[in-house]
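Peer 1: got a predicted structure plus its sequence, pasted below:
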Amino acid sequence: MNGELTAWIRQGLTASVRGFWIGVLFYVCGVVLLVLSIISISFLALFGAGLFLVPLIMVPVRALANERRKLAGQWSGVEIPAPYKPRPPMAPFGLVGAWQRCRWLLGDPATWRDLLWLLCSPLTLALGILPAAVVGYGIEGILVMPTVLQFVDGYHYGPGWLIDIPLEGIAAIPQGMLVLALGLAIAPALLRLHDRFTKQLLGPTRQAALDQRVRVLTRTRAETVDAQAAELRRIERDLHDGAQARLVALGMSLGLAEDLVTRDPIAAQKLLAEARDASERALSELRDLVRGIHPPVLAERGLDGAVRALALTLPIPVEVDVELGGRPQAPVESAAYFAIAEALANVVKHSHATRAWVLVRHDGRGLGMTVSDDGVGGADPAGGTGLRGMERRLAAFDGTVVVSSPPGGPTVVTMELPCELSSPKTLPSSGTG
């Protein structure tokens, strides 16, 4: 009970301090930047000097807005995506470059929404400091009693209440405790309300979200097409250099054996033995190639069985925990399997880990996959092709990859893949073999 009460008090005090910090800091910075923005846009309209002032002022405006978006996500879980249009190609210097930057910034509706947010700074100040003011008023009431005992001449506690006798000071203490409890109770809710109000101003509009979605789909489609083309080239190369070459050699050996079968049966027998070995190697390479395209164990036993079979082939112990109430569609299941396989391959190649863990769950909306290890950490998605390949593979299905890998470890790769599961009744029987 004491632990819950302490946590509740800590949560309320933290929310009130954060609200006060947001209200005051962003109010002061917002008013200054709003005035500078009005001046720069006015100079642009009247004198043209704003060509250089507008970009100069809009950079800190966007930085302040982005900081507010980040704090909303960190403190209240209210995610506010940045709605800005991507920067187009433009001249780096001169009047042409300044004009292009101004046209890009002022032509973006998100810029004007940032300025509207700055204009609403007094309201954000009120929302921010309200919980801190209520908490402070309660604390003041609790501390009134010793104050009055020391200064009997009188003490103003709140509007219209002059405390000039100890009895009134005693009455202020329970009132202060009630007000303090009220302030601690409403502070987290007011902070979330503040962040949701901020999201209405700084978040993307429906049109902006649609434009961003189109840009993301265009990029991921291009990356998927490139990845598929590279995969087709790899398959063609493997077939040409592997199975195809062995089949050509097999045909030549069979032709020579056909010529020698009557003249030199022993030599023909040796050629047939070589042809048999060549056919076995070609068949093995074809099986490996097919396994790389879509593993048979994935089709037969599903994601759970395929990941467990993969884990058994690795040189380190891998603990697999998969709980699914059905099966995803085949393309999604294949993408999930190869993403997990790539993550485990990175563990073996780079992490120097002694153990790894795979966790797969479905929350009703999508597939959540986590691959972690006890290695040295330091994985960087920008530093290699493995993690980028996972991102491209999952992005084709609107999936995401998040990597947490501080120096010294551990490394945790979290992947999410929106999908629905088929009914368990439609699952094929895996048997016991």
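Peer 2: It's in.

Peer 1: low pLDDT regions in the stretch 301-433 of the chain?
Peer 2: Residue ranges of the stretch 301-433 of the chain with pLDDT under 70: 381-386, 423-433.

Peer 1: quick one: list the elements packing against whichever helix or strand E416 is part of.
Peer 2: Per DSSP states H and E, E416 falls inside strand 411-418. For strand 411-418, the packing partners by 3 or more CB pairs under 8 Å, 6 or more residues apart in numbering; DSSP states H and E come out as helix 330-346, strand 366-373, helix 385-395, strand 400-404. The C-beta positions use only the backbone N, C-alpha and C, and glycine is treated the same way.

Peer 1: between it and helix 330-346, how many degrees?
Peer 2: 180 degrees (axes from the mean of the first three to the mean of the last three CA atoms, to 10 degrees).

Peer 1: quick one: closest of the helices and strands packed on strand 411-418 to S37.
Peer 2: Nearest to S37, of all the helices and strands packed on strand 411-418, is strand 400-404, at 34.5 Å by CB to CB.

Peer 1: which stretches in this structure count as strands?
Peer 2: Assigned by DSSP state E, the chain shows strands spanning 155-156, 162-163, 318-323, 356-362, 366-373, 400-404, 411-418.

Peer 1: could you dump these into a markdown table with mean neighbour count added?
Peer 2: Shown next, in a markdown table, are the strands of the chain (neighbours: other CB atoms under 10 Å):
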| stretch | mean neighbour count |
| --- | --- |
| strand 155-156 | 14 |
| strand 162-163 | 17 |
| strand 318-323 | 15 |
| strand 356-362 | 19 |
| strand 366-373 | 23 |
| strand 400-404 | 16 |
| strand 411-418 | 20 |
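
Peer 1: export those strands to CSV and tack on distance to L36?
Peer 2: Below are the strands of the chain laid out as CSV (distance: least, CB to CB, whole Å):
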stretch, distance to L36
strand 155-156, 39
strand 162-163, 44
strand 318-323, 55
strand 356-362, 49
strand 366-373, 44
strand 400-404, 37
strand 411-418, 41
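
Peer 1: among those, which comes closest to R69?
Peer 2: When the strands of the chain are compared by CB to CB, strand 400-404 sits nearest R69, at 17.8 Å.

Peer 1: what pairs with the closest one, and is each one parallel or antiparallel?
Peer 2: Strand 400-404 has the following sheet partners, assigned by DSSP bridges: strand 411-418 (antiparallel).

Peer 1: quick one, the partner strand and strand 356-362 angle?
Peer 2: Going by the same axes, to 10 degrees, strand 411-418 makes 20 degrees with strand 356-362.

Peer 1: how about the CA coordinates for strand 411-418, as PDB?
Peer 2: The C-alpha atoms that make up strand 411-418 are tabulated as PDB, following Å, rounded to 0.1, in the frame of the first residue of the first chain:
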ATOM      1  CA  THR A 411      21.200  -6.100 -28.600                       C
ATOM      2  CA  VAL A 412      17.400  -6.200 -29.000                       C
ATOM      3  CA  VAL A 413      15.900  -6.200 -32.500                       C
ATOM      4  CA  THR A 414      12.100  -5.500 -32.300                       C
ATOM      5  CA  MET A 415      10.100  -6.100 -35.500                       C
ATOM      6  CA  GLU A 416       6.400  -5.400 -36.000                       C
ATOM      7  CA  LEU A 417       4.400  -6.700 -39.000                       C
ATOM      8  CA  PRO A 418       0.700  -5.700 -39.400                       C
END
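
Peer 1: what lies in contact with that strand?
Peer 2: Applying CB atoms under 8 Å, 6 or more residues apart in numbering, the contact partners of strand 411-418 are 328, 332, 335-336, 339-340, 343, 346-347, 351, 353, 365-373, 375, 377, 379, 387, 390, 394, 397-405.

Peer 1: correct me if wrong: H194 contacts G19.
Peer 2: Yes. Under the criterion of CB atoms under 8 Å, H194 makes contact with G19 at 6.3 Å.

Peer 1: give me the low-pLDDT residue ranges for the stretch 51-200 of the chain?
Peer 2: For the stretch 51-200 of the chain, the stretches flagged by pLDDT under 70 are 144-172.

Peer 1: report how many residues lie close to A330.
Peer 2: 11 (other CB atoms under 10 Å).

Peer 1: try the one 3 residues further on
Peer 2: Other residues within reach of E333, judged by other CB under 10 Å, total 23.

Peer 1: sorry, back to before: who touches both of H194 and G19?
Peer 2: Common neighbours of H194 and G19 (CB under 8 Å, 6+ apart) are L127, G128.
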